[in-house]
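Chemist: Fold the stuff below for me.
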Amino acid sequence: MPTSFAYHFDTPVYTGSTTFETGLFIGGKFVDGSEGGTIDVLNPATGKVITSVSEGTAKDVDIAVAVAQEAYDKSWGLSVPGRERSNILWKFAELMEAHASELSAIEALNNGKTFRWASSVDVVFSIDVTKYYAGWADKVTGQVLETNDKTLSYTRHEPIGVVGQIIPWNFPLMMFIWKIVPALATGNTVVLKTSEFTPLSALRVCALLNEAGVPPGVVNVVTGYGNTVGAAISSHPLIEKVAFTGNTLVGRKIMEAAAKSNLKKVTLELGGKSPNIIFNDADLEQAIKWTTHGIFWNHGQACCAGSRIFVQSGIYDKFLEQFTAKAKTIKLGNPFDEGVDQGPQVSQIQYDRIMGYIQSGLTDGAKIRLGGGRVGTEGYFIEPTIFVDAKPEMKIVKEEIFGPVGVIIPFEDEEDVIRQANDTFYGLAAAVFSKDINRAINTANKLKAGTVWVNCYNTFHPTVPFGGFKQSGIGRELGEYCLHNYTNVKAVQVNLGTTL
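Modeler: All right, here's what the predicted structure looks like:
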C-alpha cells in the first residue's frame, strides 16, 4: 500500500494541515510502483527530506497507458459529450479554489517559492486556466466546406487518444494544469510524469480530480526519473502524442524518441535566453520595476526570464544605479515568512549549476555589480546577481542559467540591439520598453521570439498563447492555439447523388 504524507503548517502566513497519498496515481487509485522503489522529496529551504513518493518504472508506464486507453474507449473520448467534460473541469476548478491555501502551502514547501507568490499567481492562474478550458470543451468544432451541390464535406476535430506529458519543477502545479486541462477538454486521456523534485502538488490534486468526477484512468500520474519514466513515455508505441516542458537538450531526446518509436505528435516548450530592451525614452521607474520582476521572479527559475538586459547608452549609467538599488531590496528567506520576495533554488543540483555559471562569468572577465554569493548555511539560497562588462561569447550571455542572474548590456540604436537580441538559438520571449509606441511595435515585430512584452514583463493570460521560436520549442501552450495540439482533423465527404 502506498504511504500517505501528513504535514501541519504553522507559519506566519499560513496555518493548516494537509494529508494525501504519495503513490503512483493510476486508474483513479494510488498504488505502489511495480518495483516498490521510492524517491525522497526535499524541502529546498533546508535541504532536508519532507517525505518520499513511489518511484515509477517503464512497466508502470505500460500499465498506465493500458488503463488510459481503456478509459478513452469506454468513459471519456468520444463517449463523453463536451458539455459533460466542461462541467467536470469546472467542478475541478471550484475544488482547487476551495483548497487554494493548502495547495499554495504545498507548492511553497516543495518548490521553495514564496507562499505569497504561490497563492497570488500559481494557484490562481491554475484555476483560471482550468475554467478557461472548461469553457472550450463543448466548442471544439469542425467546418462544413463548400465543394459542390452533390457533396456534403465537413471536418471533425477528434481527440488524439492517449497522450503523454512531462512537466518541470519550476511551476509544478501550474505546469500540471497547463498540460492536463486542454488535453481533457478535447477528450484525450493522459499519462503524465512530474518532476522527481516537485511531485507533491500534482499528487494532491489527483484526489480533487476524483472528487470532481473525472472517470478512473482518464488522468494517470507516474512519478519517477527522466531516464526511466520520461523515456518510456517518449518512446511508448501506444502513446500518440507527447508534450514536454523543460530544457532544450532533453527536448531533443524526446523528439528523437518520438520519431524512432511511432512518429508521435510532439509539442515542446523549451529554454530561453530572453532579451529585455530598455530604450532611452522608457519610463525608467517602471522599466526598473518590470525588469526586476522579469529576471528575479520565481528566483530566476523561469524559461522566459529576461536574463539579457539591453539598456540604451543614454540611460545606461542611471539605469544601472537604480536597478542595482532595486535589486538590493529583494528580501531572501523562508518562503513562509512575511515580506520575503525570494526563496531558495529548487535543489542542490540547480544551486551548483547556477554557482558554476557565476564562476564562469568571473573567469571569463565579466564583473559582478551585485550579489554572486550564497545566503545562509542551509538550503539553496543565492543572492540576486547582476553582471556587467560581459562579452557576447561568454556563457553567461549565451546559455540559459535558470537562476537569479542577469547580465546588463549597453547598446546604441535599434539596429544594434535587434542584432544582439536575435543573436541566440533561443526564441521564447522578449520585452521592449519605450514611450514611443511606434518604436516599441517596430522593435517587437523584428524580434524572433514567441512572446514579446511591451512595457511589461512576465504577464500571462489564459487566452494568450505561449511558446517559442527556433530552439525554444514547437507548438503553443494556452489559448485556442493550444487546443490544436490535442486534436486530429478528420475530413468527411458524403456523396449526395453523384453516380459512376
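Chemist: Excluding chain neighbours, what is closest to the residue most central in space within the chain?
Modeler: Within the chain, the residue whose C-alpha comes closest to the C-alpha centroid is Met175; the distance, by CA atoms, centre = their mean, is 4.4 Å. Leaving aside its chain neighbours, Met175 sits nearest to Ile167 (4.0 Å; criterion: CB to CB, 6 or more residues apart in numbering). Bear in mind the C-beta positions are built from the backbone N, C-alpha and C, glycine included.
Chemist: what about the one you found, neighbour count?
Modeler: For Ile167, the number of neighbouring residues by other CB atoms under 10 Å comes to 28.
Chemist: same question, Asp283
Modeler: With neighbours defined by other CB under 10 Å, the count for Asp283 comes to 14.
Chemist: repeat for Val162
Modeler: Taking other CB under 10 Å as the criterion, the count of residues near Val162 is 28.
Chemist: Could you find the closest non-adjacent residue to it?
Modeler: Leaving aside its sequence neighbours, Val162 sits nearest to Ala68 (CB to CB, 6+ apart; 4.5 Å).
Chemist: what's the answer for Phe323, then?
Modeler: Once its chain neighbours are removed from consideration, Phe323 has its nearest residue in Ile288; the separation is 5.1 Å (CB to CB, 6+ apart).
Chemist: Same question for Gly224.
Modeler: Distance criterion CB to CB, 6+ apart; nearest residue to Gly224, sequence neighbours excluded, is Gly56 at 3.7 Å.
Chemist: what does Ala390 give?
Modeler: Excluding the flanking residues, the one nearest Ala390 by CB to CB, 6+ apart is Ala366, at 4.2 Å.
Chemist: dump the residue contacts of that neighbour.
Modeler: Shown here is Ala366, whose contacts under the criterion CB atoms under 8 Å, 6 or more residues apart in numbering are Phe387, Val388, Asp389, Ala390, Lys391, Met394, Ile396, Val407.
Chemist: Selecting buried members of those in ChimeraX, what would you type?
Modeler: Typed into ChimeraX, the line below selects the buried ones among these, using 16 or more other CB atoms under 10 Å:
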select :387,388,390,394,396,407
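Chemist: Among the contacts of Ala366, which lie within helices?
Modeler: Ile396 (DSSP state H).
Chemist: I'd like the contacts of Ala366 as a markdown table, with distance to Thr487 appended.
Modeler: As requested, these are arranged in a markdown table below (distance: CB to CB, whole Å):
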| residue | distance to Thr487 |
| --- | --- |
| Phe387 | 45 |
| Val388 | 48 |
| Asp389 | 50 |
| Ala390 | 45 |
| Lys391 | 47 |
| Met394 | 44 |
| Ile396 | 41 |
| Val407 | 41 |
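Chemist: among the contacts of Ala366, which are in strands?
Modeler: In strands, defined here by DSSP state E, the members of these are Phe387, Val388, Val407.
Chemist: Tell me the buried residues in stretch 115-135?
Modeler: Residues of stretch 115-135 classed as buried: 115-119, 121-134 (neighbour count, 16+ other CB under 10 Å).
Chemist: Tell me the gap between that stretch and the middle of its chain.
Modeler: For stretch 115-135, the distance from its own C-alpha centre to the chain's C-alpha centre is 13 Å (CA atoms, centre = their mean, to the nearest Å).
Chemist: Using the three-state scheme, assign Ile441.
Modeler: Applying DSSP: H, G, I helix; E, B strand; the rest coil to Ile441 yields a three-state assignment of helix.
Chemist: residues in contact with the nearest residue to it once chain neighbours are set aside?
Modeler: Using CB to CB, 6+ apart and skipping the chain neighbours, the partner closest in space to Ile441 is Val454 (7.2 Å). For Val454, the set of contacting residues under the criterion of CB under 8 Å, 6+ apart consists of Ala431, Val432, Phe433, Ser434, Ile437, Ala440, Ile441, Ala444.
Chemist: let's see it at 7 Å
Modeler: With contacts taken as CB atoms under 7 Å, 6 or more residues apart in numbering, Val454 has the following neighbours: Val432, Ala440, Ala444.
Chemist: Scan those and report the most crowded one.
Modeler: Neighbour tally across these (other CB under 10 Å): the maximum, 27 neighbours, falls on Val432.
Chemist: what about that residue, distance to Arg476?
Modeler: Computed as CB to CB, to the nearest Å, the Val432 to Arg476 distance reads 21 Å.
Chemist: Likewise for Cys482?
Modeler: Taking CB to CB as the measure, Cys482 falls 6 Å from Arg476.
Chemist: before we move on, what about Met355?
Modeler: When Met355 is compared with Arg476 (using CB to CB), they lie 34 Å apart.
Chemist: What of Pro172?
Modeler: From Pro172 over to Arg476 (counting by CB to CB), the distance is 21 Å.
Chemist: Same question for Ile401.
Modeler: The span separating Ile401 from Arg476 equals 25 Å under the rule CB to CB.
Chemist: okay, the two: which has more neighbours?
Modeler: Applying other CB under 10 Å to Ile401 and Arg476 shows that Ile401 carries more neighbours, namely 24 against 21.
Chemist: pLDDT score for that one?
Modeler: Among the per-residue scores, Ile401 holds a pLDDT of 98.
Chemist: nearest spatial neighbour of it, skipping sequence neighbours?
Modeler: Across the structure, with CB to CB, 6+ apart as the measure, the residue nearest Ile401 apart from its sequence neighbours is Tyr357 (4.7 Å).
Chemist: ok, that neighbour - contacts?
Modeler: By CB under 7 Å, 6+ apart, Tyr357 lies in contact with Lys395, Ile396, Ile401, Val405.
Chemist: out of these, which one sits closest to Phe336?
Modeler: Nearest to Phe336 among the contacts of Tyr357, counting by CB to CB, is Val405 at 25.0 Å.
Chemist: What separation do you get for the residue nearest to Met175 and Ala185?
Modeler: Counting by CB to CB, the separation of Ile167 from Ala185 is 17 Å.
Chemist: Please apply the same query to Ser313.
Modeler: With the distance defined as CB to CB, Ser313 ends up 49 Å from Ala185.
Chemist: gap between Gly314 and Asp436?
Modeler: Relative to Asp436, Gly314 is positioned 14 Å away (criterion: CB to CB).
Chemist: Quick check: beta-bridge partners of Gly406?
Modeler: When bridges are assigned using DSSP bridges, the partners listed for Gly406 are Ile386.
Chemist: in stretch 445-464, what's buried?
Modeler: In terms of neighbour count (16+ other CB under 10 Å), stretch 445-464 has its buried residues at 446-453, 455, 457-458, 460, 462.
Chemist: Next, format these as a markdown table and append pLDDT.
Modeler: Conversion of those to a markdown table gives the following (pLDDT from 0 to 100):
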| residue | pLDDT |
| --- | --- |
| Lys446 | 98 |
| Leu447 | 98 |
| Lys448 | 98 |
| Ala449 | 98 |
| Gly450 | 98 |
| Thr451 | 98 |
| Val452 | 98 |
| Trp453 | 98 |
| Asn455 | 98 |
| Tyr457 | 98 |
| Asn458 | 98 |
| Phe460 | 98 |
| Pro462 | 98 |
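Chemist: can you list those residues in JSON lines and add distance to Phe411?
Modeler: Written out in JSON lines, the entries for the buried residues of stretch 445-464 read as follows (distance: CB to CB, whole Å):
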{"residue": "Lys446", "distance to Phe411": "14"}
{"residue": "Leu447", "distance to Phe411": "13"}
{"residue": "Lys448", "distance to Phe411": "17"}
{"residue": "Ala449", "distance to Phe411": "17"}
{"residue": "Gly450", "distance to Phe411": "22"}
{"residue": "Thr451", "distance to Phe411": "21"}
{"residue": "Val452", "distance to Phe411": "17"}
{"residue": "Trp453", "distance to Phe411": "18"}
{"residue": "Asn455", "distance to Phe411": "18"}
{"residue": "Tyr457", "distance to Phe411": "18"}
{"residue": "Asn458", "distance to Phe411": "22"}
{"residue": "Phe460", "distance to Phe411": "27"}
{"residue": "Pro462", "distance to Phe411": "34"}
